[in-house]
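Undergrad: My questions are about this predicted structure, shown below with the sequence.
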There are 2 protein chains.
Amino acid sequence: MSILLTAAALAAAPPAKPLTPSDIVARAPASAWRTIPAEDLLVIDLYPTGRTVIQLAPQFAPVHVANIRALADAGYWTGSSVYRVQDNYVVQWGTNEGGKPFPKAVVKRPPAEYDRPLHGLKVRPLGYPDAYAPQVGHALGWPVAWNPRTGRANLTHCYGYVGVGRDMAPDTGTGGELYAVIGHAPRHLDRNIAVVGRVVDGIEQLSALTRGTEALGFYKEGSIARRILNIRLASQLPAGQQPSFQVMSETSPSFAAYVRARANRKDDFFQVPAGGVDLCNAPVPIRRTPAR
Amino acid sequence: MSILLTAAALAAAPPAKPLTPSDIVARAPASAWRTIPAEDLLVIDLYPTGRTVIQLAPQFAPVHVANIRALADAGYWTGSSVYRVQDNYVVQWGTNEGGKPFPKAVVKRPPAEYDRPLHGLKVRPLGYPDAYAPQVGHALGWPVAWNPRTGRANLTHCYGYVGVGRDMAPDTGTGGELYAVIGHAPRHLDRNIAVVGRVVDGIEQLSALTRGTEALGFYKEGSIARRILNIRLASQLPAGQQPSFQVMSETSPSFAAYVRARANRKDDFFQVPAGGVDLCNAPVPIRRTPAR
């Protein structure tokens, strides 16, 4: 068993070998972690087996997240499919606008929740430059980009992040069709699409699917990448079977140590520390905890 | 058929609808393209079918590339395998250091070709900030990072880029074990590993493989992700069957227009142009030409 060090101990007595980012995550105290509410976890069960779990971000896209919860609650996605797999870009799923009627609670034309006011967010700057935004860092356990001039902040399209498929403007998509990023962060989509969450478990159920052969990675008419058994909120599952995850708080000393270590890899393998890290290359640590 | 516009015409008469990056690539004149020499193309044939083609970068890692050519020439990889698939990171292949003897021409302890002198490289700055290096841009058809202070330049670990698997320092790897990036650019590996090329075709043969279940995505002992039929240089293939590709020159007006369009997407789908682009999110355009 590895000894649990307090953040103070970490700072006061650096060990002979620098800690790796994984070491830091493994040793982070309980106080560094926040449990994700069960109603923020979307559980995708694939046919015949395979599960992907997504954490929703109501703090950034409340109307879209409410739609997604209403769709899950109504069993809207039962029997739907993964129908688009584009290499180095996205995997997309849903009914492919198959005309299935929405439950009443769904807002058919949500507002463009592409960004939100910076006001009210306590942001932690990453401390390294970004090609897409004047400022990047973390808030509420999420990677964010912001512009002090416009006073707006947005979730960023990092690997595994989930957005709402939409048609051309001014449509913003309902949440019925979702996609997850499976390649290099397509940050040009930031502020153009509602980002509603991130995959916290089982991304490989989506990222390793055979790429679609049609334009934009769509599957041929009448063919799909994967059948979806159902998509439910963790809170809909029976007690004792609800998957549970925790997110490392960006206000914890562990998180600061983690980012520093990601930016300055010094374990045996590395000859030269980078001296910097890209926002999407310092993924917020997330860990599984026993089902509740 | 789309009309071919000269760069001058593009500049003089912007069309009513802004050109997309794909439009610009499709309309680039012949003068914008450089043909890749056949001895710079490494052709991986997988069992039972499937082909991945890699462009080698002798300008950045000459000793490692010479090793790879010698290994291909000797049929070293025939019957080897893909044995590691780590999600959002790398796919790795070779003999897994299976003890197969190297051909004589292979340099067993190559120098650490992790970077090279900036001197002699005509670099084109990207024009947007980078989290890992003081300067990034392109040279000789490749994405590079450089540091004017140290006078060193390196190839960057972008999606699809290929590096040399190695043990701990001071080993630099021979080239017998190679990997390709299949996730968000792991730029912290820059200057710590010899980057020797990039996948120019068939990345999906590697990126869609089932992820390995062991630590670091390795496959369990005795199990593999994919059998490799053989790995040859295009120049070893019979005339008329040698795959051929062209790279867009970073000195061409088309390339400048392409980067500008990647950084400022204005096609119908986009509401807000990013105003910037990450080095790895502006992949150097490459196109297939008839076999030679």
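TA: The structure has been received and is ready for your questions.
Undergrad: Count residues in the vicinity of the spatially closest residue to A:Leu41 that is not a sequence neighbour, would you?
TA: Spatial nearest neighbour of A:Leu41, chain neighbours left out: A:Ala234 (3.8 Å); criterion: CB to CB, 6 or more residues apart in numbering or on different chains. Where you see a C-beta, it was placed from the backbone N, CA and C, and this is true even at glycine. Neighbours of A:Ala234 under the rule other CB atoms under 10 Å in any protein chain shown: 23.
Undergrad: A:Pro243 is in contact with A:Ala234, correct?
TA: Yes - contact criterion CB atoms under 8 Å: A:Ala234 and A:Pro243 qualify, at 5.6 Å.
Undergrad: which residues are in contact with both of these two?
TA: Shared contacts of A:Ala234 and A:Pro243 (CB atoms under 8 Å, 6 or more residues apart in numbering or on different chains): A:Leu41, A:Val43, A:Val53.
Undergrad: element containing A:His138?
TA: Per DSSP states H and E: A:His138 is located in strand A:135-139.
Undergrad: Give the buried residues for that strand.
TA: For strand A:135-139, a neighbour-count test (16 or more other CB atoms under 10 Å in any protein chain shown) marks A:Gln135, A:Val136, A:Gly137, A:His138, A:Ala139 as buried.
Undergrad: tell me what it is packed against?
TA: strand A:124-125, strand A:142-147 (3 or more CB pairs under 8 Å, 6 or more residues apart in numbering or on different chains; DSSP states H and E).
Undergrad: can you map out the helices along chain A?
TA: Using DSSP state H, the helices of chain A run over A:7-12, A:21-27, A:62-73, A:204-207, A:253-263.
Undergrad: Select, out of the ones you listed, the one closest to B:Pro285.
TA: Counting by CB to CB, B:Pro285 lies closest to helix A:204-207 out of these; the figure is 24.7 Å.
Undergrad: and A:Asn88, how many neighbours does it have?
TA: A:Asn88: 24 neighbours (other CB under 10 Å).
Undergrad: wouldn't it be in contact with A:Gly183 here?
TA: Yes - between A:Asn88 and A:Gly183 there is a contact at 3.3 Å, judged by CB under 8 Å.
Undergrad: shared neighbours of the two, anything?
TA: Counting by CB under 8 Å, 6+ apart, the common neighbours of A:Asn88 and A:Gly183 are B:Tyr159.
Undergrad: re earlier: save the helices and strands packed on strand A:135-139 as JSON lines, and put in mean pLDDT, distance to chain B and mean neighbour count too.
TA: Shown next, in JSON lines, are the helices and strands packed on strand A:135-139 (pLDDT from 0 to 100; distance: least, CB to the nearest CB, whole Å; neighbours: other CB atoms under 10 Å in any protein chain shown):
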{"stretch": "strand A:124-125", "mean pLDDT": "98", "distance to chain B": "13", "mean neighbour count": "12"}
{"stretch": "strand A:142-147", "mean pLDDT": "98", "distance to chain B": "10", "mean neighbour count": "23"}
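Undergrad: could you dump the ones you listed to TSV with distance to A:Ala256?
TA: Listed next are the helices and strands packed on strand A:135-139 as TSV, based on distance: least, CB to CB, whole Å:
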stretch	distance to A:Ala256
strand A:124-125	8
strand A:142-147	15
